[in-house]
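S.K.: have a look at this prediction, sequence included:
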Amino acid sequence: MPQPSEPSSPPPASPRELAALDLEAYLRDPLRKQAFVTPMFEHIAPRYDTFTRLFSLGMDARWKAALMDWFAERTPTRAEVLDVACGTGDLALRAAALRPAASVLGIDAAEGMVARARARVGAGDRTRVRFETGDLTRLPLPDASIDVVLGGYALRNVPQYEAALVELHRVLRPGGILLTLDFYRPPSAAWRALFLGYLQLSGSVVGWWWHRAPVIYAYIAHSIRHYVSAAEFERALERTGFDTTARREHLLGGIALHAAVRRSAPSRSSEARHQHGTRRTVPRPG
Ligand SMILES: C[S@@+](CC[C@H](N)C(=O)[O-])C[C@H]1O[C@@H](n2cnc3c(N)ncnc32)[C@H](O)[C@@H]1O
């Protein structure tokens, strides 16, 4: 498994400072979004697992189980697996349990998440299951070095999800698999208003109760408003060099799972980025 580089999280701001920021302005501006997102997840980290279980009314575990069924059907025995925006390591650890001979690397921008993920790795697995702090839009991994990329609630949180797909395409080998699970904008305007209204209200209450900062969990609804539908995401996969092989929606399009295969030919955006000289490669260690 290739080695990632050193962490580069921005320093965490206090919940009060986060609450004082103009969230909409931060989400609109790709240059500023990450400066809100990473400190926010640093604050959430200690309660992330509890929050996710409660907030999804237990559905998160079922969605992750469904995604990992797809993983089990598609992943070779000795695969190189990458879990991007791994949080506390749920998907990476499930992958490691399903494929005992695989190497698994989890990367997340928030050090607090990575520390919790590391604490969950059993002693016998520490050489093949690793967690590192890093940015999924600038992965310090060689081209075509990964067999399967997992992304749970990952791409909605980055400043430019399509650029992130180009990066995931770069690190996947041709024929490699991308498996994602995330919130999306439901296509029906009436349901969207209800769904996002519920997420915003309940998120604000929990954010106030736990952090005295409603914005911390209301962020989920805001980020979905700024994101795309599951069908639009599939078109972005197509544009960036993937073929979608499965898509499953829940909550009337509010949640979706995608399975996609990396095509052999480079994506058009990847070629464009290469021509502009921003594509990086890191040699394999050893
Ligand atoms: C909602 S959590 C998902 C955690 C986990 N994948 C899961 O399914 O439970 C989103 C995670 O994305 C991480 N994140 C946000 N921007 C990132 C980036 N640019 N690179 C890597 N991780 C990022 C956050 O730190 C946070 O842990």
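M.R.: Arrived safely, thanks for sending. Numbers count the residues shown, from 1 in each chain.

S.K.: how near is the residue of the stretch 151-286 of the chain found nearest the ligand to A92?
M.R.: Here the residue of the stretch 151-286 of the chain nearest the ligand is G152; by C-beta to the nearest ligand atom that distance is 2.5 Å. Any C-beta I mention is one placed from the backbone N, CA and C, and that applies to glycine too. Per C-beta to C-beta, to the nearest Å, G152 is found 9 Å from A92.

S.K.: comparing these two, which residue is more hemmed in?
M.R.: A92 (28 against 23; other C-beta atoms under 10 Å).

S.K.: next, that one: phi, psi?
M.R.: In this entry, A92 is assigned phi and psi values of phi -60, psi -40 (degrees, to the nearest 10).

S.K.: what residue ranges in the protein are flagged as low confidence?
M.R.: Low-confidence regions of the chain, defined here as pLDDT under 70, cover residues 1-13, 265-286.

S.K.: can you tell me which residues in it are near the ligand?
M.R.: Taking C-beta under 6 Å from any ligand atom, the part of the chain that reaches the ligand is made up of 34, 37-38, 41, 52, 85-87, 90-91, 107-110, 113, 135-137, 152-154, 157-158.

S.K.: returning to what we had before: shared neighbours of G152 and A92, anything?
M.R.: Applying C-beta atoms under 8 Å, 6 or more residues apart in numbering, one finds that G152 and A92 are jointly contacted by 83, 86.

S.K.: returning to what we had before: out of the residues of the chain next to the ligand, list just those in strands.
M.R.: For those, the ones inside strands are 107-108, 152, with DSSP state E as the criterion.

S.K.: export those residues to a markdown table and tack on distance to A61?
M.R.: Putting those into a markdown table (distance: C-beta to C-beta, whole Å) gives the following:
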| residue | distance to A61 |
| --- | --- |
| I107 | 22 |
| D108 | 19 |
| G152 | 11 |
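
S.K.: for these, which one is nearest H211?
M.R.: For H211, the closest of those turns out to be D108, at 19.7 Å, with distances computed as C-beta to C-beta.

S.K.: quick one: the closest one and A85 touch, right?
M.R.: Yes: the pair formed by D108 and A85 meets the contact definition of C-beta atoms under 8 Å, at 5.7 Å.

S.K.: more neighbours, those two?
M.R.: Taking neighbours as other C-beta under 10 Å, D108 and A85 compare with D108 leading, 31 against 26.

S.K.: domains for the protein, by residue range?
M.R.: 38-185+228-280, 186-226 (automatic domain parsing).

S.K.: for the last one, what is the distance to the chain centroid?
M.R.: For domain 186-226, the gap between its own C-alpha mean and the chain's C-alpha mean amounts to 19 Å (C-alpha atoms, centre = their mean, to the nearest Å).

S.K.: quick one: L165 and F242 touch, right?
M.R.: Yes: the pair L165 and F242 passes the contact test of C-beta under 8 Å, sitting 7.2 Å apart.

S.K.: what about the strands in the protein?
M.R.: For the chain, the strands defined by DSSP E occupy 80-84, 103-108, 129-133, 146-152, 172-183, 242-250, 255-262.

S.K.: residues contacting R53?
M.R.: By C-beta under 8 Å, 6+ apart, the contact set of R53 is 60-61.

S.K.: brain fart, L23
M.R.: The contact partners of L23, taken as C-beta under 8 Å, 6+ apart, are 36, 215, 218-219, 222.

S.K.: for stretch 184-195, buried residues please.
M.R.: Burial within stretch 184-195, assessed by neighbour count using 16 or more other C-beta atoms under 10 Å, is assigned to 184-186, 192, 195.

S.K.: start and end of that stretch, how far apart?
M.R.: With C-alpha to C-alpha, to the nearest Å as the measure, the first residue of stretch 184-195 is 11 Å from its last.

S.K.: ok now that stretch, how far from the chain's centre?
M.R.: The gap between the average C-alpha position of stretch 184-195 and the chain average comes to 22 Å, counting by C-alpha atoms, centre = their mean.
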